[in-house]
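Colleague: Based on what follows, work out the 3D shape:
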Amino acid sequence: MIIVRNLFLGFLAGVIATITVHEIIKYFLHDAGYIPMVAWSMAPVEPYALPKIVSDALWGGLWGSIFALILGSEPKGSMTIRGVFLGMIGPALLGVFLIVPLIKGDPLFLDGNNVMIGSVLLIAAGFGSVTAWLYGFFTSGCRLP
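Modeller: Numbers count the residues shown, from 1 in each chain. Just a heads-up that it's a prediction; the model follows:
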């Protein structure tokens, strides 16, 4: 039963991190002209025509659940630092740079676009740090980062 609770708390942490920090970083990067994607987009995405922000939140929740499995029931250490690495390895490296391009037939590693690669790493690091921190907070109660 504890694993179900942890998966749920990880999912919740990932959703919250996505609709806040992930999108705030995306907003500033878009505003500065580094990325074309807009934050909190309501544009429908395939295959279910969900708004982009809802799709992103669901994926963020899934990654949050994976983080919960990795971090364990009683996470120790700096959740912020561990989350940065988890965010850069999981959602960025595996998700955006490898798996999604292989599924869609796009070039790997964003075709070497350094600005986009840096932007994705920044967004993923922010998402990961907040997801891990929230998960640690939820499971350990009022735990500092």
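Colleague: Apart from its chain neighbours, what residue comes closest to G72?
Modeller: N6 (7.9 Å; Cβ to Cβ, 6 or more residues apart in numbering). The way it works is simple: take the backbone N, C-alpha and C, and place the C-beta from them, glycine included.
Colleague: and the next element down the chain from the helix or strand containing the one you found?
Modeller: If you go by DSSP states H and E, N6 is part of helix 2-17. Per DSSP H and E, helix 2-17 leads on to helix 23-31 as the next helix or strand towards the C-terminus.
Colleague: about what we covered before: check contacts around the residue nearest to G72.
Modeller: Counting by Cβ atoms under 8 Å, 6 or more residues apart in numbering, N6 touches A68, L69, G72, S73, T139.
Colleague: Give me the buried positions along the helix or strand of the chain with the lowest mean pLDDT.
Modeller: Scoring the helices and strands of the chain by mean pLDDT, DSSP states H and E places helix 100-104 at the bottom, with a mean of 91. By neighbour count with 16 or more other Cβ atoms under 10 Å, helix 100-104 contains the buried residues P101.
Colleague: mean confidence score for the next helix or strand after it?
Modeller: Using DSSP H and E, the helix or strand that follows helix 100-104 in sequence is helix 114-140. Averaging pLDDT along helix 114-140 yields 95.
Colleague: For L50, grab phi and psi.
Modeller: phi -80, psi 150 (degrees, to the nearest 10).
Colleague: M42 too?
Modeller: Residue torsions, per degrees, to the nearest 10, at M42 are phi -100, psi 10.
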